[in-house]
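> What follows is a predicted structure for the sequence shown.
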Amino acid sequence: MSEHNIPKQNQPAGGLARAASPQQHEPQPAPASRPPVVDREVRAPIRDAAARARELREGSVFHEDGSDKYYIPPHEIPDGWSYEYKRCSVYGQEEKAHQMNVQRRGWEVVPASRHPNIMCEQDGLILMERPKEITDEAKRRDLRKARMEIAMKEEQLRATPAGTLPRDEGNAPRASIVKTYAPISIPE
């Protein structure tokens, strides 16, 4: 009998069965059961996580104030200007087209001599500046664009396809959109 001709009720649950050989007629011993989980096996990963967290806190990953390495103290930024890190390279390859686009939007490289205590270029990013007034206008424009996109999607949810009844006809449920605003907690 080939392995494909074995009746389905004799096949193991995992898939194809093989023809029984004379040695397989004897009952096989049951596999050893898994030893019970010992309390120290459960706690070991917790201790390892705590040790790793301590290493990170003691290392140079976090600044003293808990902020990221790209934080620029506000007193370092001249009045009327805004600072942002912008991409200048990816995997060591310069991004000329992106740099030109950023410059067209008013960003200029911050001279490193102005801030000897700040890393002006790191991890493929470079510190750039432009007048705060222009940055504020861009943020307002981006917010306006995002709100318009949300309004268009909400209108699409309320609209009905051509040739169908309106959504407010009779007892049919209307599409309802619920917006909530709630504070989020910021871990210390």
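Received, thanks.
> going forward, measure contacts between C-alpha atoms and count neighbours the same way
Fine.
> how many other residues sit next to residue 115?
Burial measure for residue 115: 12 neighbouring residues, criterion other CA atoms under 10 Å.
> pLDDT on stretch 153-168, on average?
Per-residue confidence for stretch 153-168 averages out to 73 on the pLDDT scale.
> biggest helix in the protein, by residue count?
Of all the segments assigned as helix in the chain under DSSP state H, the longest by residue count is helix 132-158.
> Quick check: buried residues in it?
Using 16 or more other CA atoms under 10 Å as the burial criterion, the residues of helix 132-158 that qualify are 134-135.
> Can you name every helix or strand that that helix contacts?
Contact partners of helix 132-158 among helices and strands, from 3 or more CA pairs under 8 Å, 6 or more residues apart in numbering; DSSP states H and E: strand 81-87.
> in its sheet, what does the strand it packs on sit against?
The strands beside strand 81-87 in its sheet (DSSP bridges) come out as strand 125-131 (antiparallel).
> Kindly check the end-to-end length of stretch 100-116 for me.
Counting by CA to CA, to the nearest Å, you get 26 Å between the two ends of stretch 100-116.
> Tell me the buried residues in it?
Buried residues in stretch 100-116, counting neighbours by 16+ other CA under 10 Å, are found at 102, 107-110.
> Contacts for that stretch, please.
Residues lying outside stretch 100-116 but in contact with it, judged by CA atoms under 8 Å, 6 or more residues apart in numbering, are 76, 86, 118-120, 126-130, 134.
> between those, which has the most around it?
Compared across the contacts of stretch 100-116, residue 127 has the highest neighbour count, 23 neighbours, by other CA under 10 Å.
> my read: that one touches residue 88, true?
No - using CA atoms under 8 Å, residue 127 makes no contact with residue 88, being 9.6 Å away.
> And residue 108, its phi and psi?
When read as degrees, to the nearest 10, the backbone of residue 108 gives phi -130, psi 150.
> if we can go back for a sec, any chance of the buried residues of stretch 100-116 in a markdown table with pLDDT as columns?
Formatted as a markdown table, the entries for the buried residues of stretch 100-116 read as follows, by pLDDT from 0 to 100:
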| residue | pLDDT |
| --- | --- |
| 102 | 95 |
| 107 | 96 |
| 108 | 96 |
| 109 | 95 |
| 110 | 95 |
